[in-house]
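**Q** All I have is the shape, not the residue letters:
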Ligand SMILES: Cc1cc2nc3c(=O)[nH]c(=O)nc-3n(C[C@H](O)[C@H](O)[C@H](O)COP(=O)(O)OP(=O)(O)OC[C@H]3O[C@@H](n4cnc5c(N)ncnc54)[C@H](O)[C@@H]3O)c2cc1C
């Protein structure tokens with residue numbers, strides 16, 4: 001039986017584990033966190049990963065965790081609506097194959113779909129990799145040594161496998177000039193102001209999105225311009241500096257910010273690599289090809305990648321040839337989404353009030369039924385599925 005070691009129990013790693021097990025591989029997942037991560041942030045699930053989820057039989061379970069959103073409202077720093085769009089219209093633009101869901105719920109569904117035969121080692125990470133040509137020997141942080149035919153680095157944008165096998169991350173990370181933060185908080189007044197809608201506030205050099213996930217429980221996320229490469233020492237103070245002077249629900253949201261360890265915070269970046277594979281190590285998901293939240297399809301591409309890798313390995317018993325085919329066929333799709341992500345920057349955080357006005361007018365125009373066909377393009381949700389071509 002072929003054996004895979006997967007670093008990372010995020011969407012990419014868990015999908016790969018599920019898909020490889022389905023084709024009869026023995027799978028062990030090594031995850032740095034002490035357990036499955038909960039919550040995270042809300043994301044739109046659509047595009048190439050949607051088809052992968054259908055094929056892997058998890059789409060209905062995912063749908064059960066889908067969140068209901070009334071409208072998507074663009075508001076200013078005083079909460080005044082500049083443009084608005086019924087969420088249903090965005091879903092229709094994606095032919096019904098789109099729903100909002102928490103990242104943690106996707107990971108939970110994938111985890112629960114794994115058969116008992118898949119082992120997950122939480123609280124451990126790979127610290128050394130020796131590629132023997134026909135397989136890998138890795139050492140993990142507990143001191144144990146493990147052998148496998150294939151090592152999959154699905155350990156996110158700051159991938160440890162990438163560092164060990166390909167070198168320092170500075171070579172591969174392309175910052176897009178923003179930082180992002182996300183956290184949950186409880187506040188009934190903010191919930192009342194949201195009224196069941198997803199509201200995105202834009203102000204100079206920053207935006208913030210809010211959505212009520214449960215009674216009075218708010219998911220918030222923030223994107224602010226910054227050219228710094230590193231996480232600030234004091235995340236709460238950074239948010240206060242960027243958003244402290246704004247009105248609407250911002251004061252309540254900043255007051256309710258949890259301790260820094262409970263705030264998701266990172267630079268907004270893409271990962272660009274000439275190759276995702278070296279010997280018997282392959283990267284996928286954000287580790288290989290992060291598209292960033294601006295592209296809005298990272299989760300989808302993580303899932304599509306996991307399934308495509310298993311498709312390639314099922315079709316070809318020659319592992320090296322299968323890895324080549326996986327990379328060659330997935331790369332054009334990834335490059336397309338990365339380009340789209342870079343184009344979306346001005347939509348997410350308009351550089352000037354004039355840019356914000358143009359965006360709001362564009363959204364209002366698309367609300368006019370004869371032009372609603374443009375919506376799929378504008379929100380980049382009209383994309384098709386992805387499946388590895390048969391040879
Ligand atoms: C605010 C925000 C909004 C987003 N919105 C969307 C959206 O609307 N649609 C969409 O499709 N995508 C969206 N994304 C992107 C999406 O969330 C990511 O692209 C996706 O989660 C990447 O999954 P992954 O499994 O590759 O990496 P990750 O989610 O980063 O998972 C990596 C896993 O590896 C573990 N790990 C890290 N280092 C190690 C190590 N050394 N050893 C072992 N384990 C390790 C981590 O703990 C984690 O469990 C958004 C992202 C953000 C931040």
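**A** Here it is on my side, so go on. Small disclaimer: the values here were computed from a predicted structure and weren't measured.
**Q** Would you mind listing the buried residues in stretch 60-69?
**A** 61-62, 65, 67, 69 (16 or more other CB atoms under 10 Å). Where C-beta positions appear, they are placed from N, C-alpha and C, glycine not excepted.
**Q** Out of those, flag the one nearest to residue 167.
**A** residue 62 (35.6 Å; CB to CB).
**Q** and that closest one, that one's in a helix?
**A** Yes: assessed with DSSP: H, G, I helix; E, B strand; the rest coil, residue 62 lies in a helix.
**Q** For the closest residue to it other than its chain neighbours, give me phi and psi.
**A** Distance criterion CB to CB, 6 or more residues apart in numbering; nearest residue to residue 62, sequence neighbours excluded, is residue 109 at 5.3 Å. For residue 109, the backbone dihedrals (degrees, to the nearest 10) come out as phi -60, psi -40.
**Q** Check the one 4 residues further on too.
**A** Backbone geometry at residue 113, expressed as degrees, to the nearest 10, gives phi -80, psi -10.
**Q** ok, the spatially closest residue to it that is not a sequence neighbour - contacts?
**A** The shortest distance from residue 113 to any non-neighbouring residue, by CB to CB, 6+ apart, is to residue 58 (5.2 Å). Going by CB atoms under 8 Å, 6 or more residues apart in numbering, residue 58 touches 18, 109-110, 113.
**Q** What distance do you get for residue 58 to residue 49?
**A** As judged by CB to CB, to the nearest Å, residue 58 and residue 49 stand 10 Å apart.
**Q** Can you check what pLDDT the model gives the residue nearest to residue 113?
**A** Residue 58 carries a pLDDT value of 98.
**Q** do the same with residue 389
**A** pLDDT, residue 389: 67.
**Q** Tell me how far the one residue in the stretch 151-300 of the chain that gets nearest to the ligand lies from residue 105.
**A** Nearest residue of the stretch 151-300 of the chain to the ligand, counting by CB to the nearest ligand atom: residue 298, 1.9 Å away. As judged by CB to CB, residue 298 and residue 105 stand 16 Å apart.
**Q** cool, and residue 309?
**A** From residue 309 to residue 105 the distance is 23 Å (CB to CB).
**Q** Residue 281 reaches residue 136, doesn't it?
**A** Yes: Residue 281 lies in contact with residue 136 (CB atoms under 8 Å); the separation is 6.4 Å.
**Q** so what sits against both of the two?
**A** Residues touching both residue 281 and residue 136 comprise 129, 150-151, with contact defined as CB under 8 Å, 6+ apart.
**Q** What about these, which are in strands?
**A** Counted as lying in strands by DSSP state E, out of those, are 129, 150-151.
**Q** What residues does the stretch 251-391 of the chain have near the ligand?
**A** 285-286, 293, 296-300, 302 (CB under 6 Å from any ligand atom).
**Q** residue ranges for the strands of the stretch 51-200 of the chain, please.
**A** Assignment of strands within the stretch 51-200 of the chain using DSSP state E, counting those that start in this stretch yields the ranges 71-75, 81-86, 98-102, 119-122, 126-131, 136-140, 145-148, 150-153, 173-186, 198-203.
**Q** tell me the most buried of those strands?
**A** A comparison of the strands of the stretch 51-200 of the chain by mean neighbour count, using mean count of other CB atoms under 10 Å, puts strand 150-153 on top with a mean of 28.
**Q** State the mean pLDDT of it.
**A** Regarding strand 150-153, the rounded mean pLDDT is 98.
**Q** The residue in the stretch 1-150 of the chain positioned nearest to the ligand - how many residues pack around it?
**A** Nearest residue of the stretch 1-150 of the chain to the ligand: residue 10, at 2.2 Å (CB to the nearest ligand atom). Using other CB atoms under 10 Å, residue 10 has 24 neighbouring residues.
**Q** same check, this time on residue 344
**A** By other CB under 10 Å, neighbour count at residue 344 equals 19.
**Q** so what's it closest to, chain neighbours aside?
**A** residue 294 (4.5 Å).
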